[in-house]
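Student: Pasting a predicted model and its sequence here:
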Amino acid sequence: MSDALTNPADVASEHKAVTTFAMPLTALLGVILGYVGGQAASMPLIGVIVGAILGAAFAYVSGMVLEHNRTMGRWGAIALCGALGLIAGGFGGLVGGAIIGAILSWAAYWLTSGDYRRGVPIYSTPGQVLWHNSFLFICGFIFFFLIAPILTIIPLSFNAENFFTFTPEMLRLDPAGYSLKHYQDFFNSSDWQLAMRNSLIIAPFATIIAVTLGTIAAIGLSQSHIPGRQAIMAIMISPMIVPLIISATGMFFFYSAMGNWLEDNLGFSQEMTGYIKVILAHAALGIPFVIITVTATLVGFDRSLTRASANLGAGPVKTFFKVQMPLILPGVISGGLFAFITSFDEVVVVLFVGAAAQKTLPWQMFIGLREQISPTILAVATILVTFSVILLITLELLRRRSERLRGMTPG
Amino acid sequence: MKTNRILMATSALVAGTTAVWAAGHVEMADSMTLVSWGGAYQSSQQKAYLEPYLEMNPEISATWDESSPQAVARMRAMYEADNVTWDLVDVVASDAIRLCDEGLAMEVDHDEILAPAPDGTPASEDFGDLIVSDCFIPQIVYSTTAAYRTDVEAWNGETPSDICALFDLETFPGTRTLERRPINNLEWALICDGVAQEDVYDVLETQEGQDRAFAKLDEIKDETIWWSSAAESIQSMADGEAVIGSSYNGRFFSAIVEQDQPIAMLWDAQVFDLDGWIIPADLPDDRLARVLDFVYFATDTQRLADQAAYISYGPARASSAPLVGDHAELGVAMAPHMPTNPANATNPFVYNYTWWADYRDDLDAKFQAWLAQ
């Protein structure tokens, strides 16, 4: 559009596009954001009016005045909205206003500069352009709704009060509204430390059992000569399909009887049998995940490799570890991860099967939510989220590294 | 088959030697599982009884299970599966009566297992009327009462002065929070519908009386959040979601005094109730010995008075009352915050256990049906 500026007719049509297309849309966005911002400062009506005016004004400025100086236009908008927010709501208002300014000015430039057509071929109809952008927005919203609930717990975990509440001090970004006391609670409370230790005992053992048994089962079930394969498979993955509360009730009575037998006949302590019961129950829940992932990788496994290996004189065990295992390892590892997470996140079965001495982190969080509603739960949740993110990033980096070493490109 | 037989033979041998060895003296178990209510109340028990006890017996490990709200159902399931993992359970008086009737709680001789008062008064006299069941070892007197937020602009400076503010949407608009059960709510509804306190249970016995109570509750149903655990009511009042509601007085104390929330108590028509321990029936000898040792310590005069330094519930022993002092951390005098303090107990509502024991199941069902309408 820039080199067309000399033509007065083009300037006029551009003017029309800005006033009839971009300005109403940004004004509408301004109304929504103004309402949200105004609500926070308890004057929604003023927010709506100011938002509409600012939205329209930004579109005009970005389309007609500062269209080649995007940096200045955007910073100007951010500064203006931030200043308005500062007047309306102090430091918190400044931050909120600056964010609104950034969104509004981005929308203004996006609409006036024609960036919204960038992803579609030049010959697309307006309908196709609209669909393309709606699609991107829907994806953005899905992403937002997946992530936002997890992100809200992070600031709340630094709350200085004992409630799940964004206090006025927190909204003003006043340091007095924040504290680390819930993290101290977590590290100083013997209940939470017991729960943490139990989770770190139960989940790895349950994973090892689930991975071993699940992998063997998957390999066995992939042999075509096994009779009743479908039926066996259905039984093996039933813990995944039967509602958990039903499995848990059944497990409660089954494992109670087993625990009593172990205590009476083998002289195990009550604590020891408690752990055995929960580990076995969690392993049973994890096995279906391992079977499914390993079965999926076995589909692409070439059976002639095992025959070649046997032909070269390797026994079945050696063949398994040297030939088959390296090839199905990705399936085994992801199955193991699922089994680990299943055990680590599980609350229903452990509430039924375990005693208080085996309480895991989810048990403690669940009970804490019911009886206490203390932000310590959020502190733990934040730690767990950070831990999972680090774990997944590490795994991904290791995977890329090993693929690079094996001469593949990461994909 | 063969392995089975060997296993059984070995276990019989092990069991035999254990029995011979145990006959000499009863060894105390070195771990115990205590069941309580979580929150401020459980931490008062932790600080007043358990921490001192663990200091005296460092080899013991104790675990809390915050399952008291489900104690009756969980204990039934445990006995059915023959897998009792609890050693000492904190329950309200009516649950203790039920568990005792069903034979799931152990009957105790209070004078034999509990410490006498420092002046030698036997435990049964020191606890007096509060021993409402042979299985029940009382700890505290608490009350279910109402409180309100002090910063509600829509009330134009009016503050609630009696329980009927709960039902007065015109003067005190805003969301209420009440317990998700008929007890207390039906009584309060009738009182605010003009029934005299002493006639409440007579009226509530009749179908018309019940309809009348539910009709009164209908007035505020759309404006009410129903809580199942006391923490929920405090949470919703602390973040301003609800402006007036009911909870246990100790939870309100913790929100008001310890957490500095803008909430004030409305002691009018508070309902007293008791809370205490029961010991599950038929515990193995070593675990029973440990629990009895702990209970003897945890319910003596000094320990019950100590608990009152952490939460505003009245100690169940008469001999503990003079020992109640200041809050352990904040130094405020606890007596003015006790539900039994004369200034607070000007108009308590007398809760009828036996009436509720008869009508509980019926009214529970009606209440749940009414909620679902």
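Tutor: Arrived safely, thanks for sending.

Student: Nearest to chain A within the stretch 201-350 of chain B, name that residue for me.
Tutor: Going by Cβ to the nearest Cβ, chain A is nearest to B:D239 of the stretch 201-350 of chain B, at 3.8 Å. C-beta coordinates here come from the backbone N, C-alpha and C atoms, glycine included.

Student: Could you pull up the residues touching that residue?
Tutor: A:163-165 (Cβ atoms under 8 Å, 6 or more residues apart in numbering or on different chains).

Student: Is the closest residue to B:L186 other than its chain neighbours in a helix, a strand, or coil?
Tutor: Nearest residue to B:L186, sequence neighbours excluded (Cβ to Cβ, 6 or more residues apart in numbering or on different chains): B:A213, at 4.3 Å. Using DSSP: H, G, I helix; E, B strand; the rest coil, the structure places B:A213 in helix.

Student: just B:W86 next, same as before
Tutor: coil.

Student: For it, list the residues it contacts.
Tutor: Taking Cβ under 8 Å, 6+ apart, we find B:W86 in contact with A:356, B:33-35, B:65, B:74-75, B:78, B:280.

Student: what's the helix or strand A:G220 falls within packed up against?
Tutor: When secondary structure is defined by DSSP states H and E, A:G220 falls within helix A:190-221. Other helices and strands packing on helix A:190-221, by 3 or more Cβ pairs under 8 Å, 6 or more residues apart in numbering or on different chains; DSSP states H and E, are helix A:181-188, helix A:229-236, helix A:270-299, helix A:325-345, helix A:361-371, strand B:61-65.

Student: I'd like the average pLDDT over the helix or strand containing B:F367.
Tutor: If you go by DSSP H and E, B:F367 is part of helix B:353-372. The pLDDT scores in helix B:353-372 average 86.

Student: then it to CSV, C-alphas only?
Tutor: The C-alpha trace of helix B:353-372 is given here as CSV (Å, rounded to 0.1, in the frame of the first residue of the first chain):
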residue,chain,number,x,y,z
TYR,B,353,-29.3,-35.4,69.8
THR,B,354,-31.9,-38.1,70.5
TRP,B,355,-34.5,-36.4,68.3
TRP,B,356,-32.1,-36.2,65.5
ALA,B,357,-31.0,-39.8,65.9
ASP,B,358,-34.6,-40.8,65.2
TYR,B,359,-35.3,-38.3,62.4
ARG,B,360,-31.9,-38.0,60.7
ASP,B,361,-32.3,-40.5,57.9
ASP,B,362,-35.8,-39.4,57.0
LEU,B,363,-34.9,-35.7,57.0
ASP,B,364,-31.6,-36.2,55.2
ALA,B,365,-33.4,-37.8,52.3
LYS,B,366,-36.0,-34.9,52.3
PHE,B,367,-33.3,-32.3,52.5
GLN,B,368,-31.4,-33.8,49.6
ALA,B,369,-34.6,-34.1,47.5
TRP,B,370,-35.4,-30.5,48.3
LEU,B,371,-31.9,-29.4,47.3
ALA,B,372,-32.2,-31.2,43.9
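
Student: Could I get the buried residue list for it?
Tutor: Of the residues in helix B:353-372, B:353, B:356, B:359-360, B:363, B:366-367, B:370 count as buried by neighbour count, 16 or more other Cβ atoms under 10 Å in any protein chain shown.

Student: Surely the residue nearest to B:L186 is in contact with B:I191?
Tutor: No. With contact defined as Cβ atoms under 8 Å, B:A213 does not reach B:I191; the gap is 9.7 Å.

Student: Grab the nearest non-local neighbour of the closest residue to chain B within the stretch 251-400 of chain A.
Tutor: Closest contact between the stretch 251-400 of chain A and chain B, by Cβ to the nearest Cβ, is at A:E371 (3.0 Å). Nearest non-adjacent residue to A:E371, counting by Cβ to Cβ, 6+ apart: B:G38, 3.0 Å away.

Student: Go ahead and confirm that neighbour touches A:Q372.
Tutor: Yes. Between B:G38 and A:Q372 there is a contact under Cβ under 8 Å: 4.7 Å.

Student: can you give me phi and psi for the residue nearest the centre of chain A?
Tutor: Compute the mean C-alpha point of chain A, and by Cα atoms, centre = their mean the closest residue is A:I147, 5.7 Å away. A:I147 adopts backbone torsions of phi -90, psi -40, taken as degrees, to the nearest 10.

Student: Let me see the mean pLDDT of the lengthiest helix in chain A.
Tutor: Across chain A, the longest stretch assigned as helix under DSSP state H is helix A:70-112. Mean pLDDT, helix A:70-112: 85.

Student: again, but for stretch A:157-170
Tutor: 80.

Student: and it, does that touch chain B?
Tutor: Yes. Judged by Cβ under 8 Å from any Cβ of the partner chain, stretch A:157-170 and chain B are in contact via A:161-165.

Student: Closest to B:L288 out of the residues you listed?
Tutor: Comparing the residues of stretch A:157-170 next to chain B against B:L288 with Cβ to Cβ places A:N162 closest, at 37.0 Å.

Student: Tell me the spacing between that closest one and B:E179.
Tutor: Look at A:N162 and B:E179: by Cβ to Cβ, to the nearest Å, they are 21 Å apart.

Student: B:A29 reaches B:D286, doesn't it?
Tutor: Yes. Using Cβ under 8 Å, B:A29 is in contact with B:D286, at 4.4 Å.

Student: Show me which of the two is the more surrounded one.
Tutor: Taking neighbours as other Cβ atoms under 10 Å in any protein chain shown, B:A29 and B:D286 compare with B:A29 leading, 20 against 14.
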